[in-house]
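Novice: return a 3D structure for these sequence lines:
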Amino acid sequence: MAEHTYKQYDAELESVRAKVLQMGGLVEQQIVDALEALVQADVNLANEVINNDHRVNGLEVQVDEDCSHIIARRQPAAGDLRMIMMVVKTITDLERIGDEATKIARVANKLHQSDRMYTPRFAEIKTMVGLVREMLRVSLDAFARLDVSKTVDVARQDEQVDEHFRAAMRQLLTHMMEDPRTISMSLEVLFVAKAIERIGDHAKNIAEYVVYMVKGKDVRHTTVEDMERETLQ
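Specialist: Numbers count the residues shown, from 1 in each chain. As a prediction, the model looks like this:
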């Protein structure tokens, strides 16, 4: 009887983890589609991203409820409790990544409808999206395998994303000063860059939760070097 209960418990935990990874795949697609909608001025795709946000939210609610039931019924301790805490925090960050993708899609719609004085160059934005997608993928892979070996890479890439954001901001400010007619458009693009920078922050948070789960150490608000030391111990 006890063995059956343990197997059922493991199956419940596995089901929760599978839903988190499903949610992760969905938000990554949202990021890809939002960028495509922005660059191609594709209103239909932008609206698809906005309409799909409810699917991300729905998965967050499902996983949250599953975790509440597991805590109430199983009263998990030690490692299992850390796992549940990691899951609850991770889905919050994934839901927020979905929100940021939706913001980008809304900007894509606005830019399409506006009377463009100039077409913004999206090179910096595309580079940033490439980095945050990789960060998200590595973080979710670390989550799936409970493997901290690549989590420091995510923290380092977050610093690169921040640098690209600052570069994009400088570039856009120059545009605005040189030609005030570009101010409205530049501010929208800056809003997109900020959304992508926030996605990077959320992906890094997920990597940090994995370190907490595996090592029992909270590496939030520490340096990359501190995080590296903890993962190597």
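Novice: for the worst-scoring helix or strand of the chain on mean pLDDT, buried residues please.
Specialist: The weakest-scoring helix or strand in the chain, judged by mean pLDDT, DSSP states H and E, is helix 224-232 (a mean of 80). Judged by neighbour count (16 or more other Cβ atoms under 10 Å), helix 224-232 contains these buried residues: 227-228, 230-231. Glycine gets a C-beta too; all of them are placed from N, C-alpha and C.
Novice: let's test this: mean pLDDT of the top helix by length along the chain, rounded?
Specialist: Ranked by residue count, the top helix of the chain under DSSP state H comes out as helix 2-40. For helix 2-40, mean pLDDT rounds to 91.
Novice: need the next SSE after that helix, C-terminal direction.
Specialist: For helix 2-40, the following helix or strand on the C-terminal side (DSSP states H and E) is helix 43-74.
Novice: for that next one, packing partners?
Specialist: helix 2-40, helix 78-113 (3 or more Cβ pairs under 8 Å, 6 or more residues apart in numbering; DSSP states H and E).
Novice: tilt between it and helix 2-40?
Specialist: Between the axes of helix 43-74 and helix 2-40, defined by axes from the mean of the first three to the mean of the last three Cα atoms, to 10 degrees, the angle is 160 degrees.
Novice: ok, and for helix 43-74, which residues are buried?
Specialist: For helix 43-74, by 16+ other Cβ under 10 Å, it's 45-46, 49-50, 52-53, 56, 59-60, 63-64, 66-67, 70, 74.
Novice: quick check: Ser139 vs Val88, distance?
Specialist: Computed as Cβ to Cβ, to the nearest Å, the Ser139 to Val88 distance reads 16 Å.
Novice: correction: the previous question concerned Leu26.
Specialist: Counting by Cβ to Cβ, the gap from Leu26 to Val88 is 18 Å.
Novice: most tightly packed of the helices and strands packed on helix 43-74?
Specialist: Burial of those is given as mean neighbour count (mean count of other Cβ atoms under 10 Å); helix 78-113 ranks first at a mean of 20.
Novice: between it and helix 43-74, how many degrees?
Specialist: Using the same axes, to 10 degrees: helix 78-113 against helix 43-74 is 160 degrees.
Novice: so what's the gap between helix 78-113 and the chain middle?
Specialist: Centroid separation for helix 78-113 versus its chain: 5 Å, with Cα atoms, centre = their mean, to the nearest Å.
Novice: from the chain's centre, how far out does whichever helix or strand comes after that helix sit?
Specialist: The first helix or strand that comes after helix 78-113 along the chain, using DSSP H and E, is helix 123-145. Distance, stretch centre to chain centre, for helix 123-145: 8 Å (Cα atoms, centre = their mean).
Novice: what is the following helix or strand past helix 123-145 packed up against?
Specialist: Tracing the chain past helix 123-145, the next element assigned as helix or strand by DSSP H and E is helix 151-178. The contact analysis (3+ Cβ pairs under 8 Å, 6+ apart) places helix 151-178 against helix 123-145, helix 183-215, helix 224-232.
Novice: residues of the second one that come out buried?
Specialist: Applying a neighbour-count criterion of 16+ other Cβ under 10 Å, the buried positions in helix 183-215 are 185-186, 188-190, 192-193, 195-214.
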